[in-house]
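Q: Here is my input; please provide its structure:
(one chain, ligands or ions: 3)
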Amino acid sequence: MSNAPNAAPLEYHELSIASRDNLLTLQSHILAEASKHPGSTGAFSWILSAISLSTKVIAAKVRRARLQDVLGSAGSENVQGETQQKLDVIANEVLLRCLGGRGGVALVASEENEQPIIIQRASGHGERYCVLFDPLDGSSNIDTCAGVGTIFSILRYEGGEPEQAILQCGAKQVAAGYVLYGSSTVLVLTTGHGVSMFVLDPTIGAFLRVADALQIPQTQKIYSCNEGNRLTFEPGYQKYLDWAQQNGYSTRYSGTMVADVHRILIKGGVFLYPPTKKAPDGKLRLMYEANPMGMIIEQAGGKAFARKQRILDVQPKTLHQRTTVILGSTEEVDHVLKHLG
Ligand code: AHG
Ligand code: MN
Ligand code: MN
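A: Ligands and ions are numbered 1, 2, ... in the order given. The predicted model follows:
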């Protein structure tokens, strides 16, 4: 630094690149997005901040799970007849608690609750929203320290009875995202204008933006699927797997959708969960697993299909409806679709 008395002040662009890197928290990113919409009441930002807080709390619980003896089964089943882990129940309660007090939330719906929960029936001022979530994705992996996640989807509440109001197709989502509690805690978010990624800095308790306008690679020779079910897949999926194996593909599958899809978002490839003998309509849930992941992948320039239909165009008939999933890099999704005939 010059101490010369007459040195001119530096222009910002003259600083070194490192000093010019914009340090942005999730909160400031949300505020910057809201400022682009002059009529914004702040309700939507308020909801995203509740999700940010919830996932920080869940991340802390996940990190300390074994120390606090919250691993293993809760001894109960959810509406889908699946064993609930203690952390499924805890994560669900954290999200309900954080979202329950926020003004713009009309309804919430969770994998762990049979019916949507009405937060506010009376219409107040401004826009109101439905928030759907899978509080803990991949929870059967939790005992082994493998990655787990939270997935969320936000829809406008346009009035009417909760059970019907929530049944909107994925194309109507106003935001979608997930948090991966992996070797670091990563939050991926879209509000319909591209995809941003944030990493939780635990030392300051804030999600910091590490990527904006994220794009999925258009091609990559990787598929992610539970091949243990292969013999019960339809012939088209089996033909695709034969083709992929003859063409030098690798496979990566953890059994946590958030971890598997995040890998594909960053590195490319295709994630698929075809119909199986055990789950003839597919296993994954349309409204709070496939739709938010589908929106993120499309916003990053990829494709998301349910068999031959775009996932986001599927009209849900029930809240916990299941679906087939094929999503990822455009070229890789096309290879699968081509084999389905
Ligand atoms: P959840 O833990 O929320 O019930 O979700 C588990 C899901 C998903 O994360 C994953 O892709 C899939 O189940 C794995 O299923 P398989 O064990 O049948 O492969
Ligand atoms: Mn899940
Ligand atoms: Mn779950």
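
Q: wait, doesn't S45 sit right on L31?
A: Yes. Between S45 and L31 there is a contact under Cβ atoms under 8 Å: 6.6 Å. For the C-beta atoms, the positions are set from N, CA and C on the backbone; glycine is no exception.

Q: The two - which one has more neighbours?
A: S45 (18 against 15; other Cβ atoms under 10 Å).

Q: that's a strand at Y223, yeah?
A: Yes. Under DSSP: H, G, I helix; E, B strand; the rest coil, Y223 sits within a strand.

Q: I'd say it and H335 touch.
A: No. The criterion here is Cβ under 8 Å, and Y223 misses it with H335 at 9.0 Å.

Q: Between these two, which contacts overlap?
A: Residues touching both Y223 and H335 (Cβ atoms under 8 Å, 6 or more residues apart in numbering) are 244, 270.

Q: And those two? Which one has more around it.
A: Neighbour comparison, Y223 and H335: the larger count goes to Y223, with 25 against 20 (by other Cβ under 10 Å).

Q: For Q115, see how far away that one is.
A: Separation of Y223 from Q115 (Cβ to Cβ, to the nearest Å): 36 Å.

Q: By proximity to ligand 2, which residue of the stretch 101-250 of the chain wins?
A: Closest residue of the stretch 101-250 of the chain to ligand 2, Cβ to the ion: D137 (3.5 Å).

Q: for that residue, what are its contacts?
A: D137 is in contact with 148-151, 178, 256-258, 289, counting by Cβ under 8 Å, 6+ apart.

Q: Make CSV from these and add neighbour count, pLDDT and secondary structure to it.
A: Formatted as CSV, those follow (neighbours: other Cβ atoms under 10 Å; pLDDT from 0 to 100; DSSP: H, G, I helix; E, B strand; the rest coil):
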residue, neighbour count, pLDDT, secondary structure
V148, 28, 97, strand
G149, 31, 98, strand
T150, 27, 98, strand
I151, 28, 98, strand
Y178, 27, 98, strand
T256, 23, 98, coil
M257, 25, 98, helix
V258, 26, 98, helix
E289, 27, 98, helix
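
Q: So which residues of the stretch 151-300 of the chain form helices?
A: 162-165, 235-246, 257-267, 291-299 (DSSP state H, counting those that start in this stretch).

Q: Which of those sits closest to L319?
A: Across those, L319 has its closest neighbour in helix 162-165 (7.4 Å, Cβ to Cβ).

Q: I am finished for the moment; much appreciated.
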